[in-house]
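**Student:** Here is my input; please provide its structure:
(chains A and B, ligands or ions: 2)
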There are 2 protein chains.
Amino acid sequence: METKMKRIKHPKLKSLVVTPEEAASWINDGMTLGLSGFTKAGDAKAVPFALIKRAETETFKVNIYTGASLGSDVDTAFAEAGIVGKRLPFQADPVMRSKINNGDMLFVDQHLSHTAELIRAEVIGPIDFAILEAVSISEDGFIIPTTSVGNSAIFAEHAKHIIVEINMAQPEILEGLHDIYDTGKQGERQPIPLTKPDDRIGTTGIKVDPAKIKGIVFTNQLDSPSTIVAPDAETKQMADHLLDFLRLEIRQGRLTEKLAPLQSGIGSVANAVLHGMVDSEFTDLDIYSEVLQDSVFDLIDAGKVRSASCCSITLSEDKMDQVFGNFEKYRDKIIMRPQEISNHPEIIRRLGLISINTALEFDIYGNVNSTHVSGTNMMNGIGGSGDFARNARLAIFVTKSIAKGGKISSVVPFVSHVDHTEHDVDIVVTEQGYADLRGLAPRERVPLIIENCVHPTYRAQMWEYYTEALGRGGQTPHVLEKAFLWHTNLKQQGTMLQEVGQLV
Amino acid sequence: METKMKRIKHPKLKSLVVTPEEAASWINDGMTLGLSGFTKAGDAKAVPFALIKRAETETFKVNIYTGASLGSDVDTAFAEAGIVGKRLPFQADPVMRSKINNGDMLFVDQHLSHTAELIRAEVIGPIDFAILEAVSISEDGFIIPTTSVGNSAIFAEHAKHIIVEINMAQPEILEGLHDIYDTGKQGERQPIPLTKPDDRIGTTGIKVDPAKIKGIVFTNQLDSPSTIVAPDAETKQMADHLLDFLRLEIRQGRLTEKLAPLQSGIGSVANAVLHGMVDSEFTDLDIYSEVLQDSVFDLIDAGKVRSASCCSITLSEDKMDQVFGNFEKYRDKIIMRPQEISNHPEIIRRLGLISINTALEFDIYGNVNSTHVSGTNMMNGIGGSGDFARNARLAIFVTKSIAKGGKISSVVPFVSHVDHTEHDVDIVVTEQGYADLRGLAPRERVPLIIENCVHPTYRAQMWEYYTEALGRGGQTPHVLEKAFLWHTNLKQQGTMLQEVGQLV
Ligand SMILES: CC(C)(COP(=O)(O)OP(=O)(O)OC[C@H]1O[C@@H](n2cnc3c(N)ncnc32)[C@H](O)[C@@H]1OP(=O)(O)O)[C@@H](O)C(=O)NCCC(=O)NCCS
Ligand SMILES: CC(C)(COP(=O)(O)OP(=O)(O)OC[C@H]1O[C@@H](n2cnc3c(N)ncnc32)[C@H](O)[C@@H]1OP(=O)(O)O)[C@@H](O)C(=O)NCCC(=O)NCCS
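**Tutor:** Ligands and ions are numbered 1, 2, ... in the order given. The predicted model follows:
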C-alpha cells in the first residue's frame, strides 16, 4: 500500500482511495462517462468492470465516450452486459459491433479530432464522470496519463466528477512524455504554437480542479497487447509499391529522403509500410501520428527516427517488454498528445503530413469506404482517417485488392459508403500497384485504378461496368441501377465475381 | 491614355503595355494559364477573349486554372471554342458544364483551399502564364487586385510569366481592401496569425518579381452582375427555420446574439438566409466568407455588421451601383483575402464559423451531394463547401425539399454522389423544417430528417424505404438494390414519385 500511495503525490488526495466497487456505485442510470483509452492503450480498467458487475443485479444504461477503442475486453463486456445507451467516437470490438449492427445500442462514428470540440461547445455531454487511468497524480494535482492521452484532458475539464485509476503496472518512466495542450474555445483561441513535429507546447500532466476528484482506485494490469500480424507477402508488396511512389516523389523534387512527417493508421498494412522503411534509404524521419505501433520502434532501433509524436502507444506483447525494458533508448524521441492535437487539421495542414490509412473498399473514382461493410454494417469507425486524409500533404489509402479469398473485390464500381470523398484521396494502393490520382479528372482516374489496383480476376468485369457507364456520359460516369450490383451479388450469390457478360 | 498610364505606378513597367491580341499571341498549345476570377468577379476579360479568337484559325488547347467561376461569358466562350484541355478547380457555366459532361474536356473538381497547396508543391502546373485583372500596379510593383483575390497570388508567384489586365472600370477605391498573405511551404510555415475575422495579416497588393511581368493590357468592362434571385416564399421559410435554430442555440447558451463568424455560400438560398437577419435581433455580426453577395451589404446598411472578410464580391447590377457609389460607407468593414486564407481549415476551425451552403440533395443519414446530378453529371463543383463544412462550428446545408415541380425529391434514400459525409454535416434545412444531426447515431437521424425535411408527397415512400432497410439491420440500414431506385425512376419515368407499395 505504501508504494502505491507514493503515486499520489498531492497530499490532500491521499484520502480519496476507494475500491472500484465503491467508485462504480456512484454511477447512475442515464449518466454519461468519459473513459480514458485509445486503441487498447491506457484505458480505465477496474471501474468499468465493477460497473458491469452491477448489471448482474441492476438495470441501467450509461453513455460511454472514450478516446477510441478500448482494450482489456471492456467494450466486449459493456456490450454483453447491455448497459450502453450511446457509444462514441470509435470502437473496434466484435461483440459491440454486432450489438450496434443489430440496433441494440447507438454508436456515433465521429472524426477523432471533433469529439473534444463538441464537448467543449456543450453539444454533447454533459459528462458525469471522467474515469481516467493514470501513472500518478503530481504534487500540484496534475493527472499523469499512461500509454494514451486520447480525450482524457477534455473529459477531465468538462466532467462533473473525476475518478482516477492509478495503474501500478504502468511504469512511472512514462511521466514526462505527455504534452497536454488545450486549444481554448472556438473564437477565443490563439494559433496552436506547434510548428515542428516534436515541439512541446503544453504540460506533462492534465491539470484538474482537485475538488472534482471524487475517488482514486488502484489497479495493476497491463494494457491488452495489440494483435497486429507481422508483414506478409501481400502487405510487403503494398509497402514496396508505396516506397516506390515515395522514391518517385523524391526524384521529382517534391520530397527529400527525410520525407515529411508520417502518419500511419492502425492495422497490419500500415504497420508493414513503416516496417518497410527499416532497410530503406529514408532517414531522419518524423512521425506525427495517432498511434505508435511496433514498427515505429523498429525504425527507432534502426536509427531512422528523429521524433515520434502520438496520442497512444499500442504494442504487441513482445514489443511491450522490449520497449518498456529499454525505455531510456526511446523516451527522448516520444511525445504523447491529446487526440485533438495529434489529429488537428491546423497542424496536419501546417506540417504537411504523409498520411497512410487502410480502406475497406475504394471505387474507380477514388472514393473510400473505411467503415461500413456493404454500406450497412459498422466495422470500427472512421477514426482519425478523415482528420488526416482531408488535410494531409499526401492522403494515401491502402487495402488488399480482394478479401474473403477473392469473393470480395475491395475495389468496386461505387463504394457502398463514403467516408473519404474523391476530393480528399490522393493515392490508392493495393498489392497490385498504386494509382496517383492527384490533379486527375474522374475519367483519367479510372484506367489507372483498374489497371494498377484491381485484382486481375475482377479487371474485365470492372472494365465492362465502366464501358457501359461511359456510354451514358457525365463527369463521373455511372450506371446507377448497377452501381451496387457487386455488393448485392455478394449477398445473394456469395461472391462479387460475375460470369463474363452478366453486366451487359 | 494618360489617365490609364497613371494606374501603372511602377516606372519601369509602363513600357510593357500591349494589346490583348499581342498578349494572347504568346500563349502556345499545351500551356497552362492561371486566370484571376472568382464567382464572376475580378476575372481577366480581354486576353482570354483574344485567345479564343485565335481558335477561329488555329488548333490548340490550354489548361485553365482559376479562383472559381468566371464571369463575362469567358467560360462559355472557352467551352464553345473547344480549346480547354483541363479546367480546375470550379466552374458554373451551362455550356462548359455540358462539354464536361460529354467528355469533351476534363474538369478537376477541387476544394477551393487546396489548389494553392497543389501548385506550391508542384503537384499541378507548372503555370506558364498568370493573367490577372488589376486595379493598378503600385510603385513598388505590387499588383492591386480588383473585386476578387481568388488564386491570383499563388498564380503570380508560381507562373513563369505574368500578364496584367488593368481594368479602368474597376474603381481605384478598391485599393487597400485586400490582404495578401502567403502561408509558405508545408513543413516550413508558421501559424497563420489571424485570430479575429477582421485581422489584417498581409499586404494590400500581390508582390511579384517585376521581371516576370511580360505585358500589361488595359480593359474597361464591369464584372458580370450576379443573377441572384430575390428571396421567395420558400427561401424565406428556409431562412426562418435557420433563424429559429440559431435562436435555440442562443437560448441553450451555445451562441450569443453576435452569433459566430458567418460563411454563406453562393446562391439564392444562402443570400435569403443572410437577408433574413436584416430585421432580426442578431447584431455585431462578423462575416468570414468566400463571396459577399447583396445581402451582406443590406446587413451593413442595417447596422448589423462589424466586419466582412471574403475573397470575392459578387453583386447584382443595382447593388453594384449602390455599393461602389457609396463605397466609403463600406470600405472599413471589408477585407479581401486569397481563397486559401478565406477557406483555410486552420482559420475556419479556430474562429468556429457558422457555415451555410446549398446542397443539390441530401440523404436520410445526412450525406450531402453538392455537385453531381443523378451521381453523374457535374453541376458546378464542390467549391468551398467542403473546406467550410468539415471544420466549421456548425456545418449547415440548405436545399428546397423538391425540385423540378416535385418530380425530384432533394432528400433521397442514398445520395447519388457524396461530397460531404455524414461525419461532416450538422444541420440540414429545407422549407419544411430543419434537422439537427449533431451527436446522433444514424438511426436517430432518419425520423428527424423524414419528418422535418422531406416534402409531404415523398414522406410515405421514404418511410417505406427505411422500414424495409431497418428490417435488414445495420448501423446504417439500407436496401442496396433499391438505394438509387428514386434516381433511376426519375430517369426512366420522369419522376421520383412512386405508386404507394411499389417499394415493397
Ligand atoms: C478498414 C479497416 C477495418 C481495415 O482493417 P485491417 O485489420 O487493417 O485490414 P484487414 O485486411 O485485416 O480487414 C479487416 C476485415 O475486413 C474484411 N474486409 C476487407 N476488405 C473488405 C471489403 N471490401 N468488404 C468487406 N469486408 C472486407 C477482411 O476480410 C477482414 O475480415 P476479418 O476480420 O473477418 O478477417 C481498419 O483499418 C479500420 O477500421 N479503419 C478505419 C479507421 C482508421 O482508418 N483509423 C486510422 C487512424 S488510426
Ligand atoms: C448546389 C447548387 C448547384 C445549388 O444551386 P442554387 O442555384 O443555389 O439552387 P437551385 O435550387 O436554384 O438549383 C439549381 C438547379 O439545380 C436543380 N436541382 C435542385 N435540386 C436538384 C436535385 N436534387 N437533383 C437534380 N437537380 C436539382 C434545380 O432545379 C436548378 O435547376 P435549373 O438550373 O435547371 O433551374 C449550388 O449551390 C452549388 O453549386 N453548390 C456547390 C458549391 C458550393 O456549395 N459553394 C459554396 C461555397 S461559395
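**Student:** Name the SS class of the residue of the stretch 101-250 of chain A found nearest ligand 1, please.
**Tutor:** Closest to ligand 1 within the stretch 101-250 of chain A is A:Leu112: 7.5 Å, counting by CB to the nearest ligand atom. Glycine gets a C-beta too; all of them are placed from N, C-alpha and C. When classified by DSSP: H, G, I helix; E, B strand; the rest coil, A:Leu112 comes out as coil.
**Student:** do you know how far the most centrally placed residue in chain A is from A:Leu274?
**Tutor:** A centroid search over chain A (CA atoms, centre = their mean) returns A:Gly383, at 4.6 Å, as the residue closest to the centre. Taking CB to CB, to the nearest Å as the measure, A:Gly383 falls 17 Å from A:Leu274.
**Student:** Against B:Leu70, how distant is the residue lying closest to A:Met496 once chain neighbours are set aside?
**Tutor:** The shortest distance from A:Met496 to any non-neighbouring residue, by CB to CB, 6 or more residues apart in numbering or on different chains, is to A:Trp486 (4.2 Å). Taking CB to CB as the measure, A:Trp486 falls 40 Å from B:Leu70.
**Student:** Comparing those two, which shows the higher neighbour count?
**Tutor:** Shown here are A:Trp486 and B:Leu70; by other CB atoms under 10 Å in any protein chain shown, B:Leu70 has more neighbours (33 against 27).
**Student:** Distance-wise, check that one relative to ligand 2.
**Tutor:** The spacing between B:Leu70 and ligand 2, counted by CB to the nearest ligand atom, to the nearest Å, is 15 Å.
**Student:** quick one: contacts for whichever residue of the stretch 51-200 of chain A sits closest to chain B?
**Tutor:** In the stretch 51-200 of chain A, the residue that lies nearest chain B is A:Gln186 (2.7 Å; CB to the nearest CB). Going by CB atoms under 8 Å, 6 or more residues apart in numbering or on different chains, A:Gln186 touches A:Glu117, A:Arg120, A:Ala121, B:Ala260, B:Arg349, B:Arg350, B:Leu351, B:Gly352, B:Arg393.
**Student:** who's in contact with the third one?
**Tutor:** Contact criterion CB under 8 Å, 6+ apart gives A:Lys185, A:Gln186, B:Arg254, B:Gly352, B:Arg393 as the residues in contact with A:Ala121.
**Student:** got a winner among those for most neighbours?
**Tutor:** Within the contacts of A:Ala121, neighbour counts (other CB under 10 Å) peak at B:Arg393, which reaches 24 neighbours.
**Student:** Apart from its neighbours in sequence, what residue is nearest that residue?
**Tutor:** B:Arg393 sits nearest to B:Gly352 (CB to CB, 6+ apart), 3.7 Å away.
**Student:** helix or strand right after the least confident helix or strand in chain A by mean pLDDT?
**Tutor:** In chain A, the helix or strand scored least confidently by mean pLDDT, DSSP states H and E is helix A:268-275, which has a mean of 86. Counting by DSSP states H and E, the next helix or strand C-terminal to helix A:268-275 is strand A:285-288.
**Student:** how about the longest helix along chain A against ligand 1, any contact?
**Tutor:** The single longest helix within chain A, with elements called by DSSP state H, is helix A:233-251. No. Figure legend: helix A:233-251 not in contact with ligand 1 (CB under 6 Å from any ligand atom); closest approach 8.8 Å.
**Student:** Please point out which parts of that helix sit buried.
**Tutor:** A:234-243, A:245-246, A:249 (16 or more other CB atoms under 10 Å in any protein chain shown).
**Student:** what about the strands in the stretch 251-400 of chain A?
**Tutor:** Secondary structure of the stretch 251-400 of chain A (DSSP state E, counting those that start in this stretch): strands located at A:262-264, A:285-288, A:291-292, A:305-310, A:312-313, A:334-336, A:354-358, A:361-363, A:368-369, A:372-373, A:377-378, A:394-398.
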